[in-house]
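Enquirer: Prediction below, plus the sequence it came from.
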Amino acid sequence: MRSFIGINFSKAVKEDIITIQEQVRSNASKGRFKHVDNFHITLKFLGEIEQQQSEEIAKKLEVLAAQYSSFELSLKEIGQFKGRDKIRTLYIGLGGNIEALKRLNQATEGAMEALGFKKETRPYTPHITISQDLTLNIPFEKLEKQIDMESTGIIYVNKIELIKSEQIKNKRIYTPICGYELNSQ
């Protein structure tokens, strides 16, 4: 099964993201917009794994979660990964305790490398994807100014999950396989 390790968040934060996504949609002529249930922060993309591997991964995540305290993040700004003639990925960049998130990412990378997964070589850019293959009707800079991040909620990072990604009836579905609570502060 195709899978990744990620962070989910509250319904209230997802509703804030939907509001931002709707502002983007109203200024776009084309794009694929992520479903509310698929908003997440990726810690480590794993790719295809077997059932036995998922059990080994779960054990590593349980140990990892016990070593890290919960922390807070915020929605900070919109950003983009550019394509040739459109925005390949439009995302929400994060604020708050980014250093704690980066430490958790590095620990996750190390734990998965010990299981034989290749370590990511690109710098970690924590984000929440909201759209792909996007063509805007206005300059990106104008859209940035329109989006209000000040009134969005806090992301309480208190759990890490192994998540299965599958295509069902032409729709990408993310299903948590297991999750482990971080230490409360």
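Expert: Yep, it's here.
Enquirer: Could you use CA atoms for every contact and neighbour count after this?
Expert: OK.
Enquirer: Spatially, and excluding backbone neighbours, which residue is closest to E48.
Expert: Distances taken as CA to CA, 6 or more residues apart in numbering put R2 closest to E48, at 4.2 Å, once the chain neighbours are dropped.
Enquirer: which ones are touching the most centrally placed residue in the chain?
Expert: The centre of the chain sits closest to I41, judged by CA atoms, centre = their mean, with a distance of 2.0 Å. For I41, the set of contacting residues under the criterion of CA atoms under 8 Å, 6 or more residues apart in numbering consists of G6, I7, N8, P126, H127, I128.
Enquirer: In the sheet, which residues pair with it? Tell me.
Expert: Using DSSP bridges, the beta-bridge partners of I41 come out as I7.
Enquirer: Likewise for F33?
Expert: In this entry, F33 is beta-bridged to S131, by DSSP bridges.
Enquirer: Pull the contacting residues for the nearest residue to Q132 once chain neighbours are set aside.
Expert: Counting by CA to CA, 6+ apart, the nearest residue to Q132 once its immediate chain neighbours are dropped is T89, at 4.4 Å. For T89, the residues meeting the contact criterion (CA under 8 Å, 6+ apart) are Q80, F81, K82, T129, I130, S131, Q132, D133, L134.
Enquirer: how would you label G179: helix, strand or coil?
Expert: strand (DSSP: H, G, I helix; E, B strand; the rest coil).
Enquirer: In this structure it contacts E161, no?
Expert: Yes - because the distance of 4.1 Å satisfies CA atoms under 8 Å, G179 is recorded as touching E161.
Enquirer: And the two? Which one has more around it.
Expert: In this view G179 and E161 are compared by other CA atoms under 10 Å, and E161 has more residues nearby, 23 against 19.
Enquirer: can you map out the helices along this protein?
Expert: Under the criterion DSSP state H, the chain contains helices at 11-26, 51-67, 98-113, 140-146.
Enquirer: how about the contacts of T89 in JSON lines, adding pLDDT?
Expert: Supplementary listing: those in JSON lines, determined by pLDDT from 0 to 100:
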{"residue": "Q80", "pLDDT": "94"}
{"residue": "F81", "pLDDT": "91"}
{"residue": "K82", "pLDDT": "88"}
{"residue": "T129", "pLDDT": "95"}
{"residue": "I130", "pLDDT": "96"}
{"residue": "S131", "pLDDT": "96"}
{"residue": "Q132", "pLDDT": "95"}
{"residue": "D133", "pLDDT": "94"}
{"residue": "L134", "pLDDT": "95"}
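Enquirer: nearest to L94, of those residues?
Expert: T129 (11.3 Å; CA to CA).
Enquirer: Read off the pLDDT value for the nearest residue in space to that closest one that is not next to it in sequence.
Expert: If you skip the residues right next to it in sequence, T129 has Y91 as its closest partner in space, 4.2 Å away by CA to CA, 6+ apart. pLDDT for Y91: 96.
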